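A.B. asks: Sequence isn't available, so here's the structure alone:
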């Protein structure tokens, strides 16, 4: 276990906003706000906003981990470890965007996304199915965030010193089921994106890049 340079018992002397950020994973306000913003913005606008939400979460994690131990390289490693599921969900969203045309083709709506106004009802149905697929996938992140908050009630009973010690350990040395799920989900989604031109007929790297850039546009419909 690492020695902490910040006294964990100083919590009551912290500004309220900083104390809240440090314990944000145990806050239902954070969980509900995170889930709502991630799902609504990314489904109805673009994945750019999911990245923004993840970035805000990253700032929170930075403040929390810096509070317990500001030393490098452990600080950056702990922040990255805490964001692994968020990053995996972003990669999943991008992979879904790349393969969405295949999924719509299976549903009988294949070319509708390219028909525009001429596509009429089929184009509208394709847009709805796109949001349904993406909403289902991103709801996995909702479940993970809610589960983290539920687990927080047990952590709140842990003495401050023990909580600080646990959070300053090197969690990547002992992987649990959730850790394996997040890491390998991210690896699988990244691999699917890179291999898309080899796995999908008529798909090219230029089209993959075009799709990803469109998903990263704040207001693609504009």
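C.D. replies: That came in fine, so what should we check first? Bear in mind the structure is a predicted one, so any value in this text is a computation, not a measurement. Numbering: from 1, shown residues only.
A.B. asks: Look up how far residue 186 lies from residue 80.
C.D. replies: If you measure residue 80 against residue 186 using C-beta to C-beta, to the nearest Å, the figure is 11 Å. The C-beta positions use only the backbone N, C-alpha and C, and glycine is treated the same way.
A.B. asks: more crowded one of the two?
C.D. replies: Taking other C-beta atoms under 10 Å, residue 80 and residue 186 do not tie; residue 186 has more neighbours (20 against 14).
A.B. asks: Buried residues, the helix or strand containing the more buried one. List them.
C.D. replies: Of the helices and strands defined by DSSP states H and E, residue 186 is found in helix 177-199. Taking 16 or more other C-beta atoms under 10 Å as the basis for neighbour counts, the residues of helix 177-199 that come out buried are 181, 182, 183, 185, 186, 189, 190, 192, 193, 196.
A.B. asks: Let me see the mean pLDDT of whichever helix or strand comes after it.
C.D. replies: Toward the C-terminal end, the helix or strand that comes next after helix 177-199 (DSSP H and E) is helix 205-215. Within the predicted structure, the mean pLDDT of helix 205-215 is 91.
A.B. asks: Same check on stretch 81-99?
C.D. replies: Summarised as a single mean, pLDDT over stretch 81-99 is 89.
A.B. asks: ditto for stretch 40-48
C.D. replies: In this model, stretch 40-48 carries a mean pLDDT of 81.
A.B. asks: buried residues in it?
C.D. replies: 41, 42, 43, 45, 46, 47, 48.
A.B. asks: okay, among those residues, which ones form the most distant pair?
C.D. replies: Of all pairs drawn from the buried residues of stretch 40-48, the greatest distance, 12.3 Å, lies between 43 and 48 (C-beta to C-beta).
A.B. asks: what about the nearest residue to residue 192 once chain neighbours are set aside, neighbour count?
C.D. replies: Of all residues beyond its chain neighbours, the one nearest residue 192 is residue 95 (4.7 Å), with distances taken as C-beta to C-beta, 6 or more residues apart in numbering. The number of residues packed near residue 95 is 22, by other C-beta under 10 Å.
A.B. asks: Was I right to think residue 95 contacts residue 185?
C.D. replies: No. Taking contact to mean C-beta atoms under 8 Å, the distance of 9.8 Å between residue 95 and residue 185 leaves them out of contact.
A.B. asks: hang on, the earlier thing: what angle separates the helix holding residue 186 from helix 205-215?
C.D. replies: Note on geometry: by axes from the mean of the first three to the mean of the last three C-alpha atoms, to 10 degrees, helix 177-199 and helix 205-215 are set 130 degrees apart in direction.
A.B. asks: so what does helix 177-199 touch, helix or strand wise?
C.D. replies: helix 84-106, helix 205-215 (3 or more C-beta pairs under 8 Å, 6 or more residues apart in numbering; DSSP states H and E).
A.B. asks: looking at those helices, which is buried most?
C.D. replies: helix 84-106 (a mean of 20; mean count of other C-beta atoms under 10 Å).
A.B. asks: by contact count, what packs against that helix?
C.D. replies: The helices and strands touching helix 84-106, judged by 3+ C-beta pairs under 8 Å, 6+ apart, are helix 48-68, helix 112-115, helix 121-155, helix 177-199, helix 205-215.
A.B. asks: if we go to 6 Å?
C.D. replies: In this structure, helix 84-106 packs against helix 48-68, helix 121-155, helix 177-199, helix 205-215, with contacts taken as 3 or more C-beta pairs under 6 Å, 6 or more residues apart in numbering; DSSP states H and E.
A.B. asks: Among those helices, which one carries the weakest average confidence?
C.D. replies: Comparing mean pLDDT across the helices and strands packed on helix 84-106, the weakest is helix 121-155, with a mean of 57.
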